[in-house]
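1. quick one: sequence and predicted model below, then my questions.
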Amino acid sequence: MEEQGTGGKIRLLDKETISRISAGEVIERPASVVKELVENAIDAGARRIEVEITSKGGKIAGIRVTDDGCGMTPRDAELACVRHATSKIASLDDLMEVSSLGFRGEALASIAAVSRLTLISRAGKEALAGIRILYEGGAPVLREECGCPPGTTVEVRDLFFNTPVRKKFMRSLAAEMAYITGTMERIILSHPGIFFRVLHNKRTLISSPGGTVRDAVLHLFGTDCEKSLIPVHFSGRSVRVEGVVSRPAFFRQNPYQIFVSVNGRPVQSRPLALAVREGYGTLLPADRFPMAVLDIMLDPELVDVNVHPTKREVRIAREQDVRREISLAVKAALESEVLIPEVEDASRIARQSTLIAPSHGTAYDSVSLSPGTVSEPGVPAFAGQVRMEKQSELGVEEDTEERSREGFLPEMDVLGQLDDTYILASFRGGEDLILVDQHAAHERILFDQLTAGDAIQSQSQELLVPVILDLSPREQSILPDIVPVLCEAGFTIEEFGGGSYAVRAIPVVLGRQVDPGAVRELLSAILAGNEKHGPSRADAIRKVVACRGAIKAGTPLSREQCRTLLNELRQTSHPFSCPHGRPTMVIFRKRDLDGLFLRS
């Protein structure tokens with residue numbers, strides 16, 4: 001109801017405000033610009049697409065995408081940056097069967113609304129000249145004929161120049177480049193037959209000459225990854241699945257290298273990624289994921305591609321049936337492959353284990369350290385309360401001189417080891433029974449050592465044979481930004497050329513003999529957790545290193561090793577929990593034990 005004597009509170013927004021709001025839904029960051037422009041080039045039938053990124057002062061200054069597609073006539077070029085002008089659909093019914101990557105007519109209009117955009121296009125060889133149109137904040141400021149090759153070039157400068165709030169929240173150059181290369185990885189893997197090249201300040205980051213999916217994987221992720229792949233060809237009642245999946249011996253810490261496209265459209269779908277993982281059953285550890293590149297082909301009427309402004313998500317009808325058949329496709333591919341060569345590969349890797357040069361050791365050098373499991377359950381809300389309660393019960397005052405000399409806890413006597421996993425102990429002179437998780441305890445010890453800030457020389461040990469890492473373009477964008485933090489943790493990593501890096505030293509806490517595959521997997525886990533920054537990023541890296549270097553469950557320890565472990569745990573800052581928040585020990589009070597045996 002309108003207020004008396006006024007025109008009411010509700011008003012129509014002006015066109016400029018509407019335009020910028022709509023643009024903000026589609027263009028979130030520079031990677032969004034790259035995605036939309038490259039998808040337009042693919043829809044135009046391009047067989048060669050080049051993306052050029054320029055940066056100045058630690059910020060992305062320009063983006064240029066050039067293709068050899070069908071190009072545009074002068075009239076089409078003038079309409080291309082008008083909102084909701086599109087050649088992909090003509091009516092609402094077309095949305096049910098849309099097969100192109102773009103269809104809304106929002107991409108170019110949204111980009112032009114928040115940048116200074118130049119569009120150059122020529123419609124095939126028969127056209128005598130091309131057209132150049134310049135836009136500033138969505139408004140055309142220049143139109144002229146020009147000479148240019150067939151196809152289209154779109155150059156975007158000063159992104160978000162008229163939306164300072166969005167520009168202020170752009171992240172570092174390394175982070176934005178990681179988003180761009182990650183976006184291009186997904187597009188290349190879903191369209192491997194197209195030639196792609198990505199440059200940053202004229203330096204080539206990605207070059208995929210076009211071919212099969214395996215060819216694209218080879219150029220993006222290297223030989224080791226490509227050799228691990230087996231083909232997937234599956235036709236079910238609801239879907240057809242084509243692509244490749246990795247052998248069970250080649251796995252990742254998380255699903256970030258499960259690439260799924262639906263009818264050629266790259267999508268981010270956790271349910272579909274989990275369906276791929278489910279196809280491996282017990283062939284993979286519970287917290288590990290394969291590498292996979294799969295195109296899921298469905299009847300277009302079963303897919304709603306219009307559920308997200310940036311089209312990175314889709315809604316699938318009969319999703320449970322689709323997930324089940326994806327799992328069956330992966331399972332069938334694995335069952336049809338003879339996996340005996342994996343055993344041979346494992347033997348070869350074992351024979352080629354990296355030898356460590358003599359260095360400062362640890363109290364557990366005699367213990368065989370195998371690659372471990374990394375998991376980060378949430379820290380219970382009551383963890384701090386439990387620690388304070390135990391301090392009170394033990395009569396321990398925090399931050400005292402006595403604690404700095406003798407440790408946080410009273411001394412403990414070792415009673416034995418249970419299942420080669422738990423150390424049984426009691427406080428000296430006490431009556432309580434203590435069960436200590438040897439892995440969690442050692443993890444806390446190593447984490448505190450890494451956090452103490454000792455000299456790098458005492459934390460590192462040089463590898464006699466450097467481990468060569470073939471990184472994906474996304475990982476190459478991340479690694480230089482975290483090398484200083486890795487050095488503080490004890491790594492020495494140098495650029496090796498051709499997108500490869502050489503690991504020449506590793507933290508001493510990882511042990512004297514480390515398998516090259518374990519080093520690669522460790523760095524992969526660190527690179528996968530790149531969203532953290534500052535101190536939290538450093539802590540995340542230390543957590544991974546500490547977990548990998550810690551004694552594993554099932555490792556037999558001598559009485560002396562158990563005693564040393566407990567003494568070092570006493571010196572840590574938080575002896576009751578590991579860096580991930582899991583308890584290191586459980587205390588059974590004598591009165592509780594008496595109750596279990598009905599003693600009064």
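-> Ah, there it is. Residues are numbered from 1 along each chain as shown.
2. residue 593 - that's part of a helix, no?
-> Yes. Counting by DSSP: H, G, I helix; E, B strand; the rest coil, residue 593 is found in a helix.
3. tell me the SS of residue 572?
-> coil.
4. hmm, residue 445 and it touching each other?
-> Yes. The criterion here is Cβ atoms under 8 Å, and residue 572 meets it with residue 445 at 5.9 Å. From N, CA and C alone the C-beta is placed, and that goes for glycine too.
5. higher neighbour count, the two?
-> Each of residue 572 and residue 445 has its neighbours counted (other Cβ atoms under 10 Å); residue 445 has more, 29 against 22.
6. just checking, that one is part of a helix?
-> Yes. According to three-state DSSP, residue 445 belongs to a helix.
7. and it, how close does it get to residue 575?
-> Using Cβ to Cβ, to the nearest Å, we find residue 445 at a distance of 9 Å from residue 575.
8. same deal with residue 120?
-> Distance of residue 120 to residue 575, given as Cβ to Cβ: 66 Å.
9. same question for residue 477.
-> 39 Å.
10. torsion angles phi and psi at residue 263?
-> phi 50, psi 40 (degrees, to the nearest 10).
11. helices or strands next to the longest strand seen in the chain in the packing?
-> If you go by DSSP state E, the chain has its longest strand at strand 460-470. If you count contacts as 3 or more Cβ pairs under 8 Å, 6 or more residues apart in numbering; DSSP states H and E, strand 460-470 packs onto helix 223-227, strand 354-355, strand 492-497, strand 500-507, helix 516-528.
12. buried stuff in the next helix or strand after that strand?
-> Next helix or strand after strand 460-470 toward the C-terminus (DSSP states H and E): helix 473-489. Residues 473-479, 481-483, 485-486, 488-489 are the ones in helix 473-489 that count as buried (16 or more other Cβ atoms under 10 Å).
13. farthest-separated two in those?
-> Largest separation among the buried residues of helix 473-489 by Cβ to Cβ: 473 and 488, giving 25.6 Å.
14. can you pull the contacts of the residue nearest the centre of the chain?
-> Nearest residue to the geometric centre of the chain (Cα atoms, centre = their mean): residue 528, 3.9 Å. Counting by Cβ atoms under 8 Å, 6 or more residues apart in numbering, residue 528 touches 252, 253, 254, 256.
15. do residue 485 as well
-> 537, 538, 541.
16. between those, which is nearest residue 287?
-> residue 541 (18.6 Å).
17. what is the neighbour count of the closest one?
-> As a burial measure, residue 541 scores 23 neighbours (other Cβ under 10 Å).
18. could you do residue 450 as well?
-> Neighbour count of residue 450, defined by other Cβ under 10 Å: 24.
19. got phi/psi on it?
-> Dihedral angles for residue 450 - degrees, to the nearest 10 - are phi -70, psi -30.
20. measure it to residue 516 for me?
-> Distance from residue 450 to residue 516, by Cβ to Cβ: 22 Å.
21. quick check: residue 527 touching residue 477?
-> No. Here residue 527 does not reach residue 477: they are 9.9 Å apart, not a contact under Cβ under 8 Å.
22. what bits of the stretch 301-450 of the chain have low per-residue confidence?
-> 304-314, 338-408 (pLDDT under 70).
23. tell me the domain boundaries of the chain?
-> Using automatic domain parsing, the domain ranges for the chain come out as 15-211, 214-337, 359-600.
24. show me what contacts the nearest residue to residue 419 once chain neighbours are set aside?
-> Excluding the flanking residues, the one nearest residue 419 by Cβ to Cβ, 6 or more residues apart in numbering is residue 554, at 7.6 Å. Residue 554 sits next to 419, 420, 421 when contact means Cβ under 8 Å, 6+ apart.
25. go on, residue 237?
-> By Cβ under 8 Å, 6+ apart, the residues touching residue 237 are 321, 325.
26. tell me the pLDDT at it?
-> As predicted, residue 237 sits at a pLDDT of 86.
27. how much space between it and residue 324?
-> 10 Å.
28. residue 434 now?
-> Distance of residue 434 to residue 324, computed by Cβ to Cβ: 47 Å.
29. among these two, which residue is more densely surrounded?
-> Neighbours were tallied for residue 434 and for residue 324 using other Cβ under 10 Å; the higher tally belongs to residue 434 (21 against 18).
30. give me the nearest residue to that one, chain neighbours excluded.
-> residue 425 (4.6 Å).
31. tell me the mean pLDDT over stretch 497-513?
-> 80.
32. buried stuff in it?
-> 499, 501, 503, 504, 505, 506, 507, 508, 509, 510, 511, 512.
33. can you report phi and psi for residue 556?
-> The phi/psi pair for residue 556 (degrees, to the nearest 10) is phi -70, psi 140.
34. contacts for the host helix or strand of residue 413 next, please.
-> If you go by DSSP H and E, residue 413 is part of strand 412-418. With contact meaning Cβ under 8 Å, 6+ apart, strand 412-418 is reached by 423-428, 433-435, 438, 556-557, 559, 562-563, 566, 570.
35. buried among the residues you listed? Make that a PyMOL selection.
-> Buried subset of these, written as a PyMOL selection, criterion 16+ other Cβ under 10 Å:
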select buried, resi 423+425+426+427+433+434+435+438+557+562+563+566+570
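36. among the contacts of strand 412-418, which ones are in helices?
-> 438, 559, 562, 563, 566, 570 (DSSP state H).
37. could you identify the most distant pair in the residues you listed?
-> 559 and 570 (17.0 Å).
38. what residues sit buried inside the longest strand of the chain?
-> Residues of strand 460-470 classed as buried by neighbour count (16+ other Cβ under 10 Å): 460, 461, 463, 466, 467, 469, 470.
39. ok now stretch 537-545, how far from the chain's centre?
-> With Cα atoms, centre = their mean, to the nearest Å as the basis, stretch 537-545 stands 15 Å off its chain's centre.
40. tally of neighbours for residue 223?
-> 10.
41. still on that earlier bit, and which of the buried residues of strand 460-470 is nearest residue 148?
-> Distance to residue 148 across the buried residues of strand 460-470 (Cβ to Cβ) is lowest for residue 470, with 37.4 Å.
42. give me the beta-bridge partners of that closest one?
-> residue 500 (DSSP bridges).
43. in this structure it contacts residue 499, no?
-> Yes. Between residue 470 and residue 499 there is a contact at 6.8 Å, judged by Cβ under 8 Å.
44. what touches both of those two?
-> Joint contacts of residue 470 and residue 499 (Cβ under 8 Å, 6+ apart) are residue 222.
45. so residue 77, which of the three states?
-> helix.
46. show me the shaky parts of the stretch 101-250 of the chain.
-> Residues of the stretch 101-250 of the chain that meet the cut-off, pLDDT under 70, sit at 101-105.
47. so which residues of it form helices?
-> 107-113, 164-168, 173-190, 213-221, 223-227 (DSSP state H, counting those that start in this stretch).
48. in the longest one, which residues are buried?
-> Across helix 173-190, burial judged by 16+ other Cβ under 10 Å covers 173, 175-190.
49. now do it: distance to the chain's middle.
-> Distance, centroid of helix 173-190 to centroid of chain: 11 Å (Cα atoms, centre = their mean).
50. do the same with stretch 560-572
-> Stretch 560-572 sits 36 Å away from the centroid of its parent chain (Cα atoms, centre = their mean).
51. same check, this time on stretch 221-235
-> 20 Å.
52. what about it, how long is it end to end?
-> In stretch 221-235, first residue to last residue: 28 Å (Cα to Cα, to the nearest Å).
53. touching it from outside, list them.
-> Contacts of stretch 221-235 (Cβ under 8 Å, 6+ apart): 214, 217-218, 240-247, 249-250, 257, 291, 294, 325, 328-330, 332-334, 337, 470-472, 499-500, 520.
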